[in-house]
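Enquirer: task: produce atomic coordinates for the following.
(one chain, ligands or ions: 1)
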Amino acid sequence: MLCPSAPSERDGGTVHGSSLRAALIQLRVDPDEPVADRRERAARMVREQSAADLVVLPEGWPVGAFSFDRFEDEAEPAADGPTAAAMSAAARDADVWLHAGSVVERAPGGELFNTSLVFAPDGSLAATYRKIHRFGFDRGEATLMAAGTETVTVDHPAAVIGLATCYDLRFPEQFRSLVDAGSRVFVVPAGWPRARAGHWSLLARARAVENQAYVLACGTSGSHAGVPMAGRSAIIDPWGDVLAEAEDAEEQVLTATLDLAEVARIRDTFPALKDRVL
Ligand SMILES: NC(=O)CCC(=O)C(=O)O
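Expert: Below is the predicted model of the structure:
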């Protein structure tokens, strides 16, 4: 199921199915809740979404994307750590595809990565994606973590899904590369601060419009490490229209049904992707 990006048709991939019911869990992350309790709560919330075809959690929710001082202690193996175990079981119980957001991964060599985990409905780990663009300039994630080097797509039965994480949203070339690998849907888990909420909403729509693809942008709610989160999770269609958006930064589940034929329709009737020269 894991497909490291490879060149393919520029204007599309294979349409596997016609619709996809998405459920984005805008999870609350705050310092008062122990990590183990949050894991259990997140797993419970995933199990409640058994009507969905794809459930999404935000970036770094077990520890908090900005809780840098806890990264070393809370780091876990990607494939068989406590978050992977809980999320694998939840995906299997709910019988859903689950983008379980990202964890602080402790790699076999000891380095830390910001790693997303995607599970198939049988609970198997279908893909991992190590965040390529680390946030923080000369501090935080940018200094504590290693950078991923590979773009990743997932072959969901409804569509090829391209993966990106939070700050990656500012780098359109990553999304173009995911389109070249056949993506019709992008999933972007985030721990995006409220201070730049406007950028989050704007960039998520821009990535949808310029790539004529659905964007599932799943943020965090609450406040951790003194950083209030933006929330504002959104499901955006390939024309850039917002199908569903979290009204504020409260914990909530956002749902919408994606019509995958819409991607082909827009790419056929307004074929801007075919006019690429670079
Ligand atoms: N966790 C992140 O990647 C935060 C990104 C961010 O705050 C920004 O791009 O602005």
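Enquirer: the ligand contacts on the chain?
Expert: Contact residues (CB under 6 Å from any ligand atom) of the chain with the ligand: Glu59, Ala65, Phe135, Cys166, Tyr167, Arg170, Gly191, Trp192, Pro193, Arg196, His199. For the C-beta atoms, the positions are set from N, CA and C on the backbone; glycine is no exception.
Enquirer: highest neighbour count among the residues you listed?
Expert: Ala65 (32 neighbours; other CB atoms under 10 Å).
Enquirer: A helix includes that residue, no?
Expert: No - read with DSSP: H, G, I helix; E, B strand; the rest coil, Ala65 is coil and lies in no helix.
Enquirer: phi, psi for it please.
Expert: Per-residue torsions, Ala65: phi -60, psi -30 (degrees, to the nearest 10).
Enquirer: tell me the SS of the nearest residue to it once chain neighbours are set aside?
Expert: In space, and not counting its chain neighbours, Ala65 is closest to Gly191: 2.7 Å by CB to CB, 6 or more residues apart in numbering. With three-state DSSP as the basis, Gly191 sits in coil.
Enquirer: Gly191 and Glu141 touch, don't they?
Expert: No - here Gly191 lies out of contact with Glu141, judged by CB atoms under 8 Å, at a distance of 9.8 Å.
Enquirer: spit out the residues that contact those two alike.
Expert: Ala65 (CB atoms under 8 Å, 6 or more residues apart in numbering).
Enquirer: secondary structure element for Thr255?
Expert: Take DSSP states H and E as the rule and Thr255 turns out to sit in strand 252-259.
Enquirer: now for that strand, which elements pack on it?
Expert: Of the remaining helices and strands, those touching strand 252-259 by 3 or more CB pairs under 8 Å, 6 or more residues apart in numbering; DSSP states H and E are strand 19-26, strand 234-236, strand 242-245.
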